[in-house]
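Asks: starting from these lines, generate the structure:
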Amino acid sequence: MKKMKGIQVLKKMGFWIKNLILTLFILSLFLVLLYKYTPIYYTSYMLVANAKQVFSGHKPHIRHEWKPLNEISPQLPKAVIASEDYLFLIHNGFDSDNENVKFNRGARILYQKNLTITQQTARNIFLPPGETFLTKLMETYFTILLELVWGKERIMEAYLNSIQMGKDIYGAEAATQAYYAISANDINTAEAAGIAACLISPADLNPCEPNTYLLRRQAKIRNIMEDMIEIQWKQEE
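Replies: This next block holds a predicted model:
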């Protein structure tokens with residue numbers, strides 16, 4: 001009798017777990033499809049930042065303004081590719097062989113986590129900060145989805161609008177207004193390289209107050225940008 005009850009409990013648990021996984025899968029697909037076509041005004045990282053502000057006794061505040069990719073200077077995508085992920089346009093979302101370090105010629109001097117732009121986008125939009133096995137597993141899952149469903153142009157657009165680019169500053173428009181008092185569409189090569197140089201530690205670095213390391217990193221990024229061809233995004237039907 002007890003054995004029968006135990007089997008029934010296990011069957012119920014299996015039923016609920018199966019339905020939970022199915023529900024989460026459907027929800028994730030819905031969000032990925034929704035965010036393919038709509039601006040992303042708030043992300044999991046912004047939520048965590050606001051929560052930390054509240055818990056520390058401060059009013060929640062972040063600077064963020066969504067801008068379509070065609071309203072962002074083409075120098076900025078080139079700068080972040082040169083800085084963060086030189087093979088972004090040709091890889092499948094992952095850099096398991098650490099090829100970026102070889103090809104970007106050292107722009108990312110402290111290239112520690114080996115995360116591609118697609119992986120960073122998946123983390124920033126869908127996952128909380130952390131390095132657990134579960135977050136890594138979910139990062140892999142969302143990275144595959146973004147590459148399959150969004151494509152490179154949308155991934156870059158979401159990345160440039162969601163990544164942290166300063167203390168409480170998220171996205172290109174907020175960053176360029178904060179640092180240079182201009183729109184993201186108006187920044188030049190040097191300014192774009194300056195912002196990209198800070199991405200390795202955006203809360204601590206400021207392109208308007210560069211130290212020796214930051215100036216050296218900015219120069220490396222500019223050198224790589226000069227050798228890059230203009231990015232031609234594939235227009236979707």
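
Asks: what segments of this structure are helices?
Replies: Listed in chain order, the helices of the chain (DSSP state H) span residues 2-37, 44-55, 75-84, 99-103, 117-126, 133-145, 152-162, 172-180, 189-197, 212-227.

Asks: those: lowest mean pLDDT?
Replies: Across the helices of the chain, helix 99-103 has the smallest mean pLDDT, namely a mean of 65.

Asks: okay, now the domains of the chain?
Replies: Per automatic domain parsing, the structural domains of the chain span 1-38, 41-227.

Asks: need the winner for burial among these.
Replies: Ranked by mean neighbour count under mean count of other C-beta atoms under 10 Å, the domains of the chain are led by domain 41-227, which reaches a mean of 18. All C-beta spots, glycine's among them, are computed from the backbone N, C-alpha and C.

Asks: distance to residue 233 for the domains of the chain - can I get that in TSV?
Replies: Formatted as TSV, the entries for these read as follows, by distance: least, C-beta to C-beta, whole Å:
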stretch	distance to residue 233
domain 1-38	15
domain 41-227	4
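
Asks: can you add distance to residue 67 and give the helices of the chain back as TSV?
Replies: Shown next, in TSV, are those (distance: least, C-beta to C-beta, whole Å):
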stretch	distance to residue 67
helix 2-37	15
helix 44-55	16
helix 75-84	10
helix 99-103	26
helix 117-126	16
helix 133-145	23
helix 152-162	6
helix 172-180	4
helix 189-197	14
helix 212-227	20
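
Asks: quick one: closest of these to residue 68.
Replies: helix 152-162 (6.8 Å; C-beta to C-beta).

Asks: next, the angle helix 189-197 makes with the closest one.
Replies: Interaxial angle, helix 152-162 versus helix 189-197 (axes from the mean of the first three to the mean of the last three C-alpha atoms, to 10 degrees): 80 degrees.

Asks: same for helix 152-162, what does it pack against?
Replies: Using 3 or more C-beta pairs under 8 Å, 6 or more residues apart in numbering; DSSP states H and E, the elements in contact with helix 152-162 are helix 75-84, helix 117-126, helix 172-180.

Asks: could I get those helices as TSV with distance to residue 164?
Replies: TSV is the format used below for the helices and strands packed on helix 152-162 (distance: least, C-beta to C-beta, whole Å):
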stretch	distance to residue 164
helix 75-84	13
helix 117-126	8
helix 172-180	9
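
Asks: out of those, nearest to residue 147?
Replies: The minimum distance between residue 147 and these falls on helix 117-126, with 5.9 Å, by C-beta to C-beta.
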